[in-house]
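**Q** got a structure for you, letters missing:
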């Protein structure tokens, strides 16, 4: 398959209120599907059901699956698509910032956030992810990243093992210019499509978020972008035959430096 239809949800996450977030998302998603017949991949922001509350021990789900994972499975089955978003789950004596990818048949894959936000003391509460993952949907290979991962180009370097990079975030409005710039840089340097999914609104500690949810092509051009500070779902169909042709015509990856990641 050379195409993938993607929908990315930008919304105001209600602080520590999972049921309110589930109900609100269900309304947004239902309205989306009234105008769109199908989608292959539905993307939600980082910590989509609680907000980025890392320092409370009660804000985590069992590693073998909690109510957020049950909800993701319900939505994936209902709309016959892959649904992906991050959730805080128990991990040893801390928690993992786990980016779930849930398929319509109930299959679950995940990526644990690698780079922990030191300024917010995330490393004191969250276990560092130990594996770089690539998820395949309909033959399209996807590199999942979570928020702060975006700042680290070595981790996201395309070794010709992915076609699309996806980053889900709670990226603050104060550093919005960096988000916008790095999403385009990652697309250009890795010759891949890039999707960034961010929230809007203030969280429970009054950190403002302005959005910036966007889908970018392999040249760094914006395909579609959400309106700042508004809750909405953006969507497009990506044509990966165009990416393949571009790489055939301009094979910069053949001149890339070889390296190994030290985990």
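**A** Arrived safely. What you see is a predicted model, and the numbers here were worked out from it, not measured in a lab.

**Q** leaving out sequence neighbours, find the closest residue to residue 121.
**A** For residue 121, the nearest residue in space outside its immediate sequence neighbours is residue 55; the separation is 7.4 Å by CB to CB, 6 or more residues apart in numbering. (C-beta placed from N, C-alpha, C; glycine too.)

**Q** next one, pLDDT for the one you found please.
**A** Residue 55 is assigned a pLDDT of 94 by the prediction.

**Q** residue 253 falls within a helix, correct?
**A** Yes - with DSSP: H, G, I helix; E, B strand; the rest coil as the criterion, residue 253 is assigned to a helix.

**Q** correct me if wrong: it contacts residue 192.
**A** No - at 10.0 Å, residue 253 and residue 192 do not qualify as touching, with contact defined as CB atoms under 8 Å.

**Q** got any residues that touch both of these two?
**A** Residues touching both residue 253 and residue 192 (CB atoms under 8 Å, 6 or more residues apart in numbering) are residue 158.

**Q** so which residues of the stretch 101-250 of the chain form strands?
**A** 108-112, 135-137, 140-146, 164-169, 193-198, 200-202, 208-210, 214-216, 222-225, 232-239 (DSSP state E, counting those that start in this stretch).

**Q** burial count for the closest residue to residue 180 other than its chain neighbours?
**A** For residue 180, ignoring the flanking residues on the chain, the nearest one in space by CB to CB, 6+ apart is residue 212 at 5.9 Å. The number of residues packed around residue 212, counting by other CB atoms under 10 Å, is 22.

**Q** next one: residue 69
**A** Applying the criterion other CB under 10 Å, we find 20 residues in the vicinity of residue 69.

**Q** so what's it up against?
**A** In this structure, residue 69 makes contact with 61, 87, 100, 102, 108, judged by CB under 8 Å, 6+ apart.
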